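Engineer: Okay, predicted coordinates and the sequence, questions at the end:
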Amino acid sequence: MDKRVSKTRDAIIDAYLELIYEKKDQKITISELAHRANIARKTFYLHYETLEDIMRDAAHRKIDELLHLLEKKRFFSNPFEVDVLFQCLNQLMEPDIEFYRFISRENPYAFFWSEVKRIIIETTVEVYQDKVDFPAQELRLYAEYFVSGVIAVYVAWLRGELTLPLSELARISGEATSHGIRKPEKPKE
């Protein structure tokens, strides 16, 4: 993608996310968004057709950031070291935690999490298909189960339904993923 196109899209995404957070339940118009992004209204339509397209692009960018963090921590070399996944999710969300809380509470933005889930599942299946000895459908099922659970836990936490610290959420989620409903036994002293 051309650097100018990327810069314009970044400006549009940033302006949209700011407006979502500032305006809460109020409708955002294309004119208002164009003004905030310091572009002409018709420039918006050169890059996006709808406001939802911006949110999908933002979701893809956040996923790219997450994948970069996971690659740096060699997550894809060591199948499902869940602690690494949770650490990277926390690292991704912490700088913009209020924004994530807001979009987790607001129904019009629920598709953000659906898109995040879809991309992570597709990536997981693609990365692990040659690394694990599972039939394709079984791997897809495992990925769906795991990713759906992770997203559900984080959205519940962001909505305030779970009130523990983010680091504790990651630790307990990692244990649940590794051990299921049974808590690991503590070593005997």
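Structural biologist: The structure has been received and is ready for your questions. Quantities reported herein were computed from a predicted structural model and do not represent experimental measurements.
Engineer: Would you mind measuring from the most centrally placed residue in the chain to K131?
Structural biologist: In the chain, the residue lying closest to the centroid (C-alpha atoms, centre = their mean) is V116, at 4.7 Å. Distance from V116 to K131, counting by C-beta to C-beta, to the nearest Å: 22 Å. No exception for glycine: its C-beta is placed from N, CA and C like everyone else's.
Engineer: Contacts for the lowest-mean-pLDDT helix or strand in the chain next, please.
Structural biologist: Lowest by mean pLDDT, DSSP states H and E among the helices and strands of the chain is helix 97-105, with a mean of 80. Contacts to helix 97-105, defined as C-beta atoms under 8 Å, 6 or more residues apart in numbering, come from residues L17, I20, Y21, K24, M93, Y109, F112, W113, V155, L158, R159, G160.
Engineer: count of neighbours near the spatially closest residue to the fifth one that is not a sequence neighbour?
Structural biologist: In this case it means M93. For M93, ignoring the flanking residues on the chain, the nearest one in space by C-beta to C-beta, 6 or more residues apart in numbering is Y100 at 5.1 Å. For Y100, the count of nearby residues is 20 (other C-beta atoms under 10 Å).
Engineer: related to what we said a few turns ago, thought the residue nearest to the centre of the chain was touching D64?
Structural biologist: No - applying C-beta atoms under 8 Å as the test, V116 and D64 come out as separate, 11.3 Å apart.
Engineer: Spit out the residues that contact these two alike.
Structural biologist: Between them, V116 and D64 share no contacting residue, judged by C-beta under 8 Å, 6+ apart.
Engineer: ok now do I151, which residues does it touch?
Structural biologist: I151 neighbours (C-beta under 8 Å, 6+ apart): W113, V116, K117, I120.
Engineer: which of those residues lies closest to T43?
Structural biologist: V116 (27.3 Å; C-beta to C-beta).
Engineer: where does this structure dip in pLDDT?
Structural biologist: The model of the chain has pLDDT under 70 over residues 1, 25, 78-80, 107-108, 183-189.
Engineer: domain parsing for it?
Structural biologist: The record's domain parsing of the chain by automatic domain parsing lists 1-49, 51-179.
Engineer: With respect to burial, which of the ones you listed scores highest?
Structural biologist: Mean neighbour count (mean count of other C-beta atoms under 10 Å) peaks for domain 51-179 among the domains of the chain, with a mean of 16.
Engineer: From start to finish, how long is it in a straight line?
Structural biologist: 41 Å (C-alpha to C-alpha, to the nearest Å).
Engineer: same question, stretch 29-48
Structural biologist: First residue to last in stretch 29-48 (C-alpha to C-alpha) measures 13 Å.
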